[in-house]
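Q: What follows is a protein structure lacking sequence information:
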Ligand SMILES: NC(=O)c1ccc[n+]([C@@H]2O[C@H](COP(=O)([O-])OP(=O)(O)OC[C@H]3O[C@@H](n4cnc5c(N)ncnc54)[C@H](OP(=O)(O)O)[C@@H]3O)[C@@H](O)[C@H]2O)c1
């Protein structure tokens, strides 16, 4: 496992880290026993950074991470999020009272005195014009409730606005073979400002593992079923916002670029790590064997120039027109 500096925090985090949404809920059934095994496997592979949120299974994901930490001596840095408990997203909802209450809930779930990294959870674009919200986060740091804070965003433009705030340490954004705009517009800016970048949805919700088929069925409580057209939250969070059948064809083309001996998930994750401005990818996983596979990407040699050009070509020919203008 390799490690990269996260912003100005002084932390060096595993370049393949762990996304803990699926172990909370929203991806069909998950067994806590297996989820814990996946978390332990991640730490055994060298993962020292986990991304979660208060709303993943209404605290279930945070509580599983607390259980992991109780049983391990290793240092594990936990990034959680706040804001999605609002019944309807609004700038006013990010009040001092709400932020404080959400943080207190996360502290309880995580069994800790201070949140390592709190991310605003895809707040409305207008929030970035409200410096007072960032002032409230500064106060929570001052009060010892947060070590650091950052944001999770939907759009590149939001990411660019967020890093104008001097204490924002990290930006979490969708970045993968099917979502390349951050590489063109954002990663260099983040690097200049020494802001960490967490690449989320790195496998396009499992598509880039290469295992999904046109006839794959998802459980009723899996967002790959219930949010395929953005019915519950931003459609970009499901399959990266790419039409399922278009994506499957692109995946088959990407498969043709794989060097021998590496899995498609590893290829997709190694592609992300080719970009210096990325701090880490945070693939989600519910099973230990998926964690093993994903962590293997960290130690792979760099992808060839031909492979990188091939992914770019497939993106430009099949995907870009569908996503570039949206996020
Ligand atoms: N708004 C936000 O801030 C936000 C939104 C989305 C995600 N996130 C964060 O980003 C993390 C990652 O994104 P994501 O979980 O949405 O998507 P992802 O990492 O692109 O895909 C994860 C899913 O792919 C499958 N998978 C993972 N590794 C695999 C492997 N090696 N082989 C085969 N299948 C594999 C698993 O699903 P199955 O086994 O069920 O197929 C897994 O749940 C989340 O866990 C969360 O922490 C944040």
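A: Here it is on my side, so go on. All figures in this text were calculated on a predicted structure; none of them were measured in a lab.

Q: Contacts only, for residue 228.
A: 235, 238, 239, 244 (CB atoms under 8 Å, 6 or more residues apart in numbering). Just so you know, the C-beta spots here come from the backbone N, C-alpha and C atoms, and that holds for glycine as well.

Q: Tell me the secondary structure at it.
A: Classification of residue 228 by DSSP: H, G, I helix; E, B strand; the rest coil places it in coil.

Q: Ok, residue 270 next?
A: helix.

Q: Give me the distance between it and the ligand.
A: 13 Å (CB to the nearest ligand atom, to the nearest Å).

Q: show me what contacts that residue?
A: Contact analysis of residue 270 by CB under 8 Å, 6+ apart lists 262, 297, 300, 302, 303.

Q: same thing with residue 211?
A: Counting by CB under 8 Å, 6+ apart, residue 211 touches residue 264.

Q: again, but for residue 283
A: Neighbour list for residue 283: 16, 18, 19, 202, 203, 265, 269, 290, 294 [criterion: CB under 8 Å, 6+ apart].

Q: Check the average confidence over stretch 306-320, would you?
A: Averaging pLDDT along stretch 306-320 gives 97.

Q: can you pull the pLDDT of residue 75?
A: pLDDT, residue 75: 89.

Q: if I look at the spatially closest residue to it that is not a sequence neighbour, how far off is residue 167?
A: By the measure of CB to CB, 6 or more residues apart in numbering, the closest residue to residue 75 outside its immediate chain neighbours is residue 48, 6.0 Å from it. Using CB to CB, to the nearest Å, we find residue 48 at a distance of 23 Å from residue 167.

Q: Comparing those two, which residue is more hemmed in?
A: Comparing residue 48 with residue 167 by other CB atoms under 10 Å, the one with more neighbours is residue 48, at 19 against 14.

Q: Could you restrict the contacts of residue 270 to the ones contacting the ligand?
A: Filtering the contacts of residue 270 for proximity to the ligand (criterion: CB under 6 Å from any ligand atom) leaves nothing.

Q: Which ChimeraX command selects the buried ones in those residues?
A: A single ChimeraX command selects the buried members of those (16 or more other CB atoms under 10 Å):
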select :262,297,303
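
Q: Pick the one among the contacts of residue 270 closest to the ligand.
A: The closest of the contacts of residue 270 to the ligand turns out to be residue 297 (CB to the nearest ligand atom; 9.2 Å).

Q: Give me the number of neighbouring residues for the closest residue to the closest one other than its chain neighbours.
A: Using CB to CB, 6+ apart and skipping residues adjacent in sequence, the residue nearest residue 297 is residue 269, 3.6 Å away. Neighbour count of residue 269, defined by other CB under 10 Å: 28.
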